[in-house]
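Visitor: Just the structure for this:
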Amino acid sequence: MNPEKTGVTILGSGTCVPSLVRSSAAALVKTGESRVLLDVGAGTLHRLLEAGHRVFDISHILLTHFHPDHTGELASFLFSNKYPDVSRRERPLTLLGGPGVSDFFRRLLDLYGNWVQLPGGKFQLLEADPEKAGERDFGDFFLSWAPVNHNPESLAYRIRGISGETIVYSGDTDASESLKNLAMDADLLICESALPDALKVPGHLSPSMAGEIAAAARVRKLVLTHFYPECDGADMVGECRRTYAGPLVLAEDLMEIEL
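Guide: Take a look at the predicted model:
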């Protein structure tokens, strides 16, 4: 991956279902000196190492919602920052999520105590207000978000990188006008497509639905991810092509995508 360009590594393209080839949800965005982790499901720490990154390299963690397949390794990630010493972290870790993330983190502290507590100078917790529009400046990137149709706290994120490239990450969602608006004219949309069209369930998208959102938002490239095992034998590309004609990729763990 070109070190000068914003890029994405898919760390986990799967779900809660254990798989030897698909870890639970996670993606890594590289922009400037920042390394932004989108979700931290089971298998993320292993995939990070395989992709050539240490936990100390991660500057931001953005949680789309609190389901275990998106947050299951958060405690392990925080704990790992304390070995051999948290002083190895050169920049603070920012953890950001939707409404209730402060309480979610407090409950982790109630359970694990000091094992997941980083010093104040090495950690900040931010709770995003889904009703507040606009971009937040994090130096190497601008971040915006929108509520999506899954859980009360569910957010999709839009990252505008240091060179102007835009990446949108849907998290889990059903059809959401807010996701279409957030993804408008994005360079890349990483969109969940949990099950084939015929097996569509509430709270999740299917390939043709993801394609419809991408087409309406005029995204330049669409990556489908968050695949249950039923997707393996389905024509996910063909179903998405019913609604979207642009560049299309089916996510795989450790896939690198350059913008």
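
Visitor: What is the helix or strand where Leu49 lies packed up against?
Guide: Taking DSSP states H and E as the criterion, Leu49 maps to helix 44-50. With contacts defined as 3 or more CB pairs under 8 Å, 6 or more residues apart in numbering; DSSP states H and E, the packing partners of helix 44-50 are strand 7-12, strand 26-31, helix 74-80. Just so you know, the C-beta spots here come from the backbone N, C-alpha and C atoms, and that holds for glycine as well.

Visitor: Just want the angle from the first one to strand 26-31.
Guide: When you say that, I think you mean strand 7-12. Direction vectors for strand 7-12 and strand 26-31, defined by axes from the mean of the first three to the mean of the last three CA atoms, to 10 degrees, enclose an angle of 170 degrees.

Visitor: If you count neighbours, what's buried in stretch 106-120?
Guide: When burial is assessed from 16 or more other CB atoms under 10 Å, stretch 106-120 yields the following buried residues: Leu108, Val116, Gln117, Leu118.

Visitor: gap between the nearest residue to the second one once chain neighbours are set aside and Arg88?
Guide: Taking CB to CB, 6 or more residues apart in numbering as the measure, Val116 lies nearest to Leu78, with 4.0 Å between them; neighbours along the chain are not counted. Applying CB to CB, to the nearest Å, one obtains 14 Å for the distance of Leu78 from Arg88.

Visitor: between these two, who's got more neighbours?
Guide: Leu78 (24 against 12; other CB atoms under 10 Å).

Visitor: wait, the more buried one sits on Pro119?
Guide: No - at 11.8 Å, Leu78 does not count as touching Pro119 under the criterion of CB atoms under 8 Å.

Visitor: about what we covered before: which element follows the helix holding Leu49 toward the C-terminus?
Guide: Sequence order places strand 60-62 as the next helix or strand after helix 44-50, per DSSP H and E.

Visitor: so what does that next one touch, helix or strand wise?
Guide: strand 34-38, strand 93-97.

Visitor: For these, state which one has the densest average packing.
Guide: Among those, ranked by average contacts under mean count of other CB atoms under 10 Å, first place goes to strand 34-38 (a mean of 24).

Visitor: Summarise which helices and strands that strand is packed against.
Guide: strand 26-31, strand 60-62.

Visitor: Any chance of a markdown table for these, columns distance to Leu179 and mean pLDDT?
Guide: Formatted as a markdown table, the entries for the helices and strands packed on strand 34-38 read as follows, by distance: least, CB to CB, whole Å; pLDDT from 0 to 100:
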| stretch | distance to Leu179 | mean pLDDT |
| --- | --- | --- |
| strand 26-31 | 16 | 97 |
| strand 60-62 | 15 | 98 |
